[in-house]
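S.K.: Pasting the sequence and the predicted model now:
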Amino acid sequence: MNNWAQLYRAETAKPVWQFVADLKEAGLRSGFLIHNEDKMEMVHTFGAHGMQVAEGFDLHMIQVCKPEKAAVSLQKNPERAALMPKFVTVFSAEGRTQVRFLRFNRQMIEELVQDAEFAVSVGSSYDEIEQIIRLSL
């Protein structure tokens, strides 16, 4: 196993819909919004493509974005865009809501885009998103 990324794991007794609502509220207080709110429920996304999923499949892939920071960052270096999307994934398992968040480490980001400033900046965003998740649990 490499250490190029870490998977943040958490769970809550809240239902998925309540966690997502709380995540949205906590994110807004920190300047983050849910970028794909109309398409984050994968049952609907797969359904739109003619795919059926099992009953109870409630995976949400929530793209969070801080537009005022992202706009400045991407104008400074468009190479950053490949590493910019940040997803919080949420689903039910064993009667609890499971939460996951993938973050890449600083060294990998620096090597991929040759941009130390961005590696620090995106790391700060990862920290903020994990804090928002903790506030929403």
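M.R.: That came through, no problem. Just so it is clear, the structure is predicted and the values come from calculations on it, not from any experiment. Residues are numbered from 1 along each chain as shown.

S.K.: only C-alpha atoms for contact and neighbour calcs from this point on.
M.R.: Will do.

S.K.: Using the three-state scheme, assign the most centrally placed residue in the chain.
M.R.: For the chain, Phe87 is the residue whose C-alpha lies nearest the centre (Cα atoms, centre = their mean; 2.2 Å). Taking DSSP: H, G, I helix; E, B strand; the rest coil as the rule, one finds Phe87 in the strand state.

S.K.: isn't it right next to Phe101, touching?
M.R.: Yes - distance between Phe87 and Phe101: 6.4 Å, which falls inside the contact criterion (Cα atoms under 8 Å).

S.K.: From the centre of the chain, give me the residue that's furthest out.
M.R.: The outermost residue of the chain, judged by C-alpha distance from the chain's mean C-alpha position using Cα atoms, centre = their mean, is Gly50 at 25.5 Å.

S.K.: thinking again about what came up before, show me what the residue nearest to the centre of the chain is bridged to.
M.R.: Beta-bridge pairing of Phe87, defined through DSSP bridges, involves Gln63.

S.K.: Could you pull up the residues touching it?
M.R.: Met61, Ile62, Gln63, Val64, Phe101, Leu102 (Cα atoms under 8 Å, 6 or more residues apart in numbering).

S.K.: Angles on the backbone of the first one, please.
M.R.: Same thing as Met61. Its backbone dihedrals place Met61 at phi -110, psi 100, with angles given as degrees, to the nearest 10.

S.K.: what's the longest helix in this structure?
M.R.: The residue-count maximum for a helix in the chain (DSSP state H) belongs to helix 116-136.

S.K.: which stretches of this protein have low pLDDT?
M.R.: In the prediction, the chain carries residues with pLDDT under 70 at positions 1-2.

S.K.: Which positions in stretch 125-137 come out as buried?
M.R.: Of the residues in stretch 125-137, those buried by neighbour count under the rule 16 or more other Cα atoms under 10 Å are Ser125, Tyr126, Glu128, Ile129, Glu130, Ile132, Ile133, Ser136, Leu137.

S.K.: Need the nearest residue in space to the last one, chain neighbours excluded.
M.R.: I take that to be Leu137. Sequence neighbours aside, Thr12 is the residue nearest to Leu137 in space, at 5.4 Å (criterion: Cα to Cα, 6 or more residues apart in numbering).
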